[in-house]
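1. The sequence isn't on hand, but the structure is:
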């Protein structure tokens, strides 16, 4: 897991696809940061960092609290509503049990790949 606040490599997203992102939170790239029971996570995509509205909100959940694993999912319907050939800013924020918020990663997606196969 990157150092808190560090810019992460660009994400590649496809319009209309369900995207599942799994984050293993580590202190040294290997060792889990500790038990994250009770922590919550939020991740959004925006056209600019200061955009009033999110272009999409991913659903994030702790999938393994003991091993500090978090999974965030962009639904197919939310991805379908995104604009092809557009890059989106994102970050992953953690709220701990004392309500302290920390941005763990942030970055910009590669230009969204247009959906070709449709129903």
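-> Yep, it's here. What you are looking at is a predicted structure, and each value in this text was computed from that prediction instead of being measured.
2. contacts and neighbour counts: CA atoms only from here.
-> Will do.
3. can you give me the helices in the chain?
-> 76-80 (DSSP state H).
4. which ones are touching the residue nearest in space to the middle of the chain?
-> Centrality entry for the chain: nearest residue to the mean C-alpha point is residue 43, 4.5 Å, by Cα atoms, centre = their mean. Residues in contact with residue 43 (Cα atoms under 8 Å, 6 or more residues apart in numbering) are 57-60, 72, 90-93.
5. Report pLDDT for it.
-> On the pLDDT scale, residue 43 is placed at 97.
6. Report pLDDT for residue 6.
-> At residue 6, pLDDT is 52.
7. I meant residue 1, not that one.
-> pLDDT, residue 1: 40.
8. The chain should start at 93 in everything you say after this.
-> From this message on, residue numbering opens at 93, which makes the last subject residue 93.
9. OK, contacts around residue 188?
-> 128, 130-132.
10. Those residues in strands, which ones?
-> Among the contacts of residue 188, the residues falling in strands (DSSP state E) are residue 132.
11. Dump the contacts of residue 188 into a markdown table; add neighbour count as well.
-> Converted to a markdown table, the contacts of residue 188 look like this (neighbours: other Cα atoms under 10 Å):
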| residue | neighbour count |
| --- | --- |
| 128 | 21 |
| 130 | 11 |
| 131 | 18 |
| 132 | 17 |
